[in-house]
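Visitor: Give me the fold of what follows.
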Amino acid sequence: MPEVTNDTRADYGRIALEFYSEARAALGHEPDTAEDVELALAACAHGGGLDRCEPVLAEDLRSEGDWATEVCSDLVAHLFHAADGAVVPRLLLNAVSGPETRSEAAVAEAWAVLGKHGPEFARFLAAVRRFLVTVHDIDADELFEDARSIFEDEVEEERYAAAAARRGLRASQPEAVSDASA
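Guide: Now for the predicted structure:
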């Protein structure tokens, strides 16, 4: 499989988001919890297979918690790449994390600061969260934090590689350090 760039990851996130948004709009009404879980499940299966050699099937995501965790973690990191420049990942997480323990006013305030494009991302994240929590009782908030960390690492790695290339340095610094110490 060829090297995956952050632009490619952003495309994967956008494809899953568009799938969810289009399915939600086709529903014709505000989805109830069960419908939203099914929409998220279908979007995760659709988008989750874009960066894998093996297919991602909705029934496997529903029945296998570890597989759902792996696929959704990657997909949420991709979604953060898609949101990059439109909304800050921490604002998205603040909008969707722990709604059970927060007041309606606090949740509404968190959604209010998402900007023009943020609510679309947040609706999808909230649906993925519902799927993970209701189907597998997974700590989705922790999974989302881990995905944010993965996103930040991927951004930093690509930034570093670009800066090293501009300077004519090798991207593998550990090797250069060991060469210098010899």
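
Visitor: Contacts only, for residue 113.
Guide: Neighbouring residues of residue 113 by C-beta atoms under 8 Å, 6 or more residues apart in numbering: residue 91. The C-beta positions use only the backbone N, C-alpha and C, and glycine is treated the same way.

Visitor: Any figure for the gap between it and residue 121?
Guide: In this view, residue 113 and residue 121 are 13 Å apart by C-beta to C-beta, to the nearest Å.

Visitor: ok, now residue 130?
Guide: Relative to residue 121, and taking C-beta to C-beta, residue 130 is found at 15 Å.

Visitor: what's the answer for residue 73, then?
Guide: Residue 73 is 16 Å from residue 121, by C-beta to C-beta.

Visitor: ok, the two, which is more surrounded?
Guide: Shown here are residue 73 and residue 121; by other C-beta atoms under 10 Å, residue 121 has more neighbours (25 against 18).

Visitor: Find the residue closest to the more buried one in space, skipping its chain neighbours.
Guide: Nearest non-adjacent residue to residue 121, counting by C-beta to C-beta, 6 or more residues apart in numbering: residue 83, 4.9 Å away.

Visitor: how deep is the one you found tucked in, by neighbour count?
Guide: Residue 83 is flanked by 26 other residues according to other C-beta under 10 Å.

Visitor: Nearest the geometric middle of the protein, what residue?
Guide: Geometric centre of the chain, nearest residue: residue 76, 1.2 Å, by C-alpha atoms, centre = their mean.

Visitor: Of all the residues in the helix ranked longest in the chain, which ones are buried?
Guide: Longest helix in the chain by number of residues, with DSSP state H as the criterion: helix 140-167. Neighbour counts over helix 140-167 (16 or more other C-beta atoms under 10 Å) mark 140, 141, 143, 144, 145, 147, 148, 150, 151, 154 as buried.

Visitor: Please state the backbone phi and psi of the residue lying closest to the last one once chain neighbours are set aside?
Guide: It stands for residue 154. Leaving aside its sequence neighbours, residue 154 sits nearest to residue 6 (C-beta to C-beta, 6+ apart; 5.8 Å). Note on residue 6: its backbone torsions stand at phi -70, psi -30 [degrees, to the nearest 10].

Visitor: and residue 6, what is it in contact with?
Guide: Neighbour list for residue 6: 81, 84, 154, 155, 158 [criterion: C-beta under 8 Å, 6+ apart].

Visitor: Good, wrapping up.
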